[in-house]
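K.L.:
Dropping the sequence and predicted coords here.
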Amino acid sequence: MSQNTSSYNIATKLIHAGVEPDKETGAIMTPIYQTSTFAQSAPGVHKGYDYSRAGNPTRAALENALAAIENGQYGLAFSSGVAATDAVIKLLTPGDEVIAASDMYGGTYRLFSKVFEKFGIKFHYADMKDAENIRPFINDKTKLIWTETPTNPLINITDIEAVATVAKSCGAWLCVDNTFASPYLQNPLDFGADIVLHSATKYLGGHSDVVLGALIVNNKDLYDQLYFIQKSTGAVPGPQDCFLVLRGIKTLHVRMDRHCENGEKIANFLRSHPKVKTVYWCGFEDHPGYEVAKKQMRKFGGMLSFELTDESIEEVNRVLSSTKIITLAESLGGVESLINHPATMTHASIPREERIKNGLSDYLIRLSIGIEDINDLIEDLRQAIG
Ligand SMILES: *Cc1c(COP(=O)(O)O)cnc(C)c1O
């Protein structure tokens, strides 16, 4: 077992949680245990590992680190964020109902509506900017409440504590997708969530070089159920990918500080630009979720979206293809800045009518602000917007 880092501050935890020098060699970094199986001295007699789907030492180091940095007891790593979401829904049985946020990552919506509806799980969608909007959907079949904050891509804020209170009142689990904030900015378990989900592909990995998902919980029974699903359905990450995320975690705080600093400067630059109509960023004092964000987040993050005053697809496409440093691509949370068109890229799987009803227009542009020099980034946006 790795050292107990629970009393340390976050920057120390990020570097030391889950890892310790290798007992045999003194290697500072956890080795990549690139093996599918482990020798046994007699049937069932082994050193804690028998087969890498069930467990692998590199994955174990990562899972311990994930638990520690989210202030949880147990971590589980999956082959993608979506695979982690899939595992949570497999806690349910046909007939069970889920109340999910109406504004969330398109791939989560697709998994719920196109895959799990078929298996008899029912999903309701509520605007979770106000936790009270959940109540009308609650009945005796409600087993899970699913939220994301800040949301992708509209940067709406959900009050985790308020939603946790509603979840407890009906005996449902609360799962919070914490991908946008990362554990450095927000720890949902501290506010009453039962399960925290990450697409570690984003800020935890941080370098756009790995796809991986994570769940963190406190409850042993919930962990046992999720571990059973992880091992039985098999969507586990390989040791090399676990290593990349373990390495990424060590600089999360340093990267996030710069993402947040650059994010704030770009949010203010865009807001004062005459060709920009609306900027969505939860650090503005007049953002509807500002007070809640201040309560549950340490800083406001490096994700923001905006709309131009010229609402034509041609103009949106022109800006999207005019940036030089900022790359047009899916994904977010890496050291490099990315620009994205949610309506046709990350959120294309949400029916247009549904998408527009939730405030996600055809003209919205999303930015994942990287950690490049701020003046270069602002100059790039200035020349692209024109
Ligand atoms: C990317 C993303 C996911 C899905 O994660 P993958 O690693 O791409 O499978 C889930 N939630 C949010 C908020 C995301 O941005």
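P.N.:
Sure thing, it's come through. Numbering: from 1, shown residues only.
K.L.:
Can you show me the strands along this structure?
P.N.:
74-78, 97-101, 122-126, 142-148, 173-177, 195-199, 213-217, 276-280, 303-308, 327-328, 338-340, 365-368 (DSSP state E).
K.L.:
I'd like these as TSV, with mean pLDDT, mean neighbour count and distance to the ligand appended.
P.N.:
Glycine gets a C-beta too; all of them are placed from N, C-alpha and C. Shown next, in TSV, are the strands of the chain (pLDDT from 0 to 100; neighbours: other C-beta atoms under 10 Å; distance: least, C-beta to the nearest ligand atom, whole Å):
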stretch	mean pLDDT	mean neighbour count	distance to the ligand
strand 74-78	98	25	8
strand 97-101	98	24	11
strand 122-126	97	19	16
strand 142-148	98	24	6
strand 173-177	98	25	5
strand 195-199	98	29	3
strand 213-217	98	28	5
strand 276-280	98	18	15
strand 303-308	97	22	9
strand 327-328	97	15	16
strand 338-340	97	23	11
strand 365-368	98	25	10
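K.L.:
Nearest to Cys242, out of these?
P.N.:
Closest to Cys242 of these, according to C-beta to C-beta: strand 74-78, at 6.1 Å.
K.L.:
Report all helices and strands that the closest one contacts.
P.N.:
helix 57-69, helix 81-89, strand 213-217, helix 220-233 (3 or more C-beta pairs under 8 Å, 6 or more residues apart in numbering; DSSP states H and E).
K.L.:
could the strands of the chain be laid out in CSV, adding distance to Met297?
P.N.:
As requested, the strands of the chain are exported to CSV (distance: least, C-beta to C-beta, whole Å):
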stretch, distance to Met297
strand 74-78, 21
strand 97-101, 17
strand 122-126, 22
strand 142-148, 13
strand 173-177, 12
strand 195-199, 14
strand 213-217, 17
strand 276-280, 15
strand 303-308, 12
strand 327-328, 27
strand 338-340, 21
strand 365-368, 17
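K.L.:
now the helices for the stretch 251-386 of the chain?
P.N.:
Counting by DSSP state H, counting those that start in this stretch, the stretch 251-386 of the chain has helices at residues 252-271, 290-296, 313-320, 352-357, 374-385.
K.L.:
Would you mind naming what in the stretch 1-150 of the chain lies close to the ligand?
P.N.:
80-82, 105, 107-108, 148 (C-beta under 6 Å from any ligand atom).
K.L.:
Which one of those is nearest to His198?
P.N.:
Gly81 (6.7 Å).
K.L.:
Ile138: what's it in contact with?
P.N.:
99, 166, 170, 172 (C-beta atoms under 8 Å, 6 or more residues apart in numbering).
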